[in-house]
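Participant: Dropping a prediction and its sequence here:
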Amino acid sequence: MRRHQAKAAERPDSAARSLVAATDRHERSRHCPDRSSYGERSAAQHGWRCDNVAVSARRPGPVARRILRAPALVYHANAGWLLGERFLLLTHLGRRSGRSYQTVLEVIGSEPAVGEVMVIAGLGSAADWYRNVQAHPAVEVVVGRRRFRPVHRVLDEPEAIEVLAAYERRNRCVAPLVHQVLSWLVGWSYDGSDSARRRLAGELPIIAFRPRR
């Protein structure tokens, strides 16, 4: 994988916190300090953001930080292909600055027939990367050994619910952990029931990226 150029830092709207299930400088009503621990790669920081289903709105301990930063560090070492298609690297433009940022996100679903991969906005519609791709088209997605210029769509509720259900089925061996992480993200007890999944789909957008034709 080619070495990625350093990215210029964008002035934050507010201090925020991030972690994996995939990655990002986040904005939300509940904020955590020390963004640079996870942060986006920039000329000033040379950091990476990690925002996926394991993103916590609470500040994690040092061990959790190391574990949750692992996918971003793999990409930083130009070895993202080792992660297969479990994670993707998203390059996007700051909605105000127009500067380039990179975020590592967990892939929670896919449609191989059209080359589509799906990720979740772990901090909801306030997540910076989500707001950025809504304002400007994403620049690039790298997943496994694939690299493409993407178009994106936000899944409607029925499709989002099915993607979440399929994700949970694939990870049923660690269901308690998945439920705990999702509970951290939304701030209420997620139990995997149909009603909880419907509520979750309404709070955390799921976005699908596919190659631009």
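Facilitator: On my side now, so go ahead.
Participant: residue boundaries of the helices in this protein?
Facilitator: Assigned helices in the chain, in chain order: 62-76, 128-135, 157-170, 175-186, 194-203 (criterion: DSSP state H).
Participant: Could you export those as CSV, including mean pLDDT, distance to Arg146 and mean neighbour count?
Facilitator: For every residue, glycine as well, the C-beta is placed using N, CA and C. Converted to CSV, those look like this (pLDDT from 0 to 100; distance: least, Cβ to Cβ, whole Å; neighbours: other Cβ atoms under 10 Å):
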stretch, mean pLDDT, distance to Arg146, mean neighbour count
helix 62-76, 70, 14, 18
helix 128-135, 97, 18, 22
helix 157-170, 97, 20, 16
helix 175-186, 91, 26, 18
helix 194-203, 97, 27, 15
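Participant: Leu105 is nearest to which of these?
Facilitator: Each of these has some distance to Leu105 by Cβ to Cβ; the shortest is helix 128-135, at 7.6 Å.
Participant: who does the closest one touch, helix- and strand-wise?
Facilitator: Judged by 3 or more Cβ pairs under 8 Å, 6 or more residues apart in numbering; DSSP states H and E, helix 128-135 is in contact with strand 87-93, strand 100-106.
Participant: again, 6 Å this time
Facilitator: Under the contact criterion of 3 or more Cβ pairs under 6 Å, 6 or more residues apart in numbering; DSSP states H and E, helix 128-135 touches strand 87-93.
Participant: what comes up buried for the strand it packs on?
Facilitator: Neighbour-count burial for strand 87-93 flags 87-93 (criterion: 16 or more other Cβ atoms under 10 Å).
Participant: if we can go back for a sec, which one of the helices of the chain lies nearest to Phe148?
Facilitator: With Cβ to Cβ as the criterion, Phe148 lies closest to helix 128-135 of these, at 14.4 Å.
Participant: what angle do that closest one and strand 100-106 make?
Facilitator: Put simply, helix 128-135 runs at 120 degrees to strand 100-106, going by axes from the mean of the first three to the mean of the last three Cα atoms, to 10 degrees.
Participant: I'd like the C-alpha coordinates of helix 128-135 written as PDB, please.
Facilitator: Extracted C-alpha coordinates of helix 128-135, given in PDB (Å, rounded to 0.1, in the frame of the first residue of the first chain):
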ATOM      1  CA  ASP A 128     -17.300  14.400  11.900                       C
ATOM      2  CA  TRP A 129     -16.600  11.900   9.100                       C
ATOM      3  CA  TYR A 130     -20.300  11.400   8.600                       C
ATOM      4  CA  ARG A 131     -21.000  15.200   8.400                       C
ATOM      5  CA  ASN A 132     -18.000  15.600   6.000                       C
ATOM      6  CA  VAL A 133     -19.200  13.000   3.500                       C
ATOM      7  CA  GLN A 134     -22.700  14.500   3.700                       C
ATOM      8  CA  ALA A 135     -21.200  17.800   2.700                       C
END
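Participant: With that, I have no additional questions.
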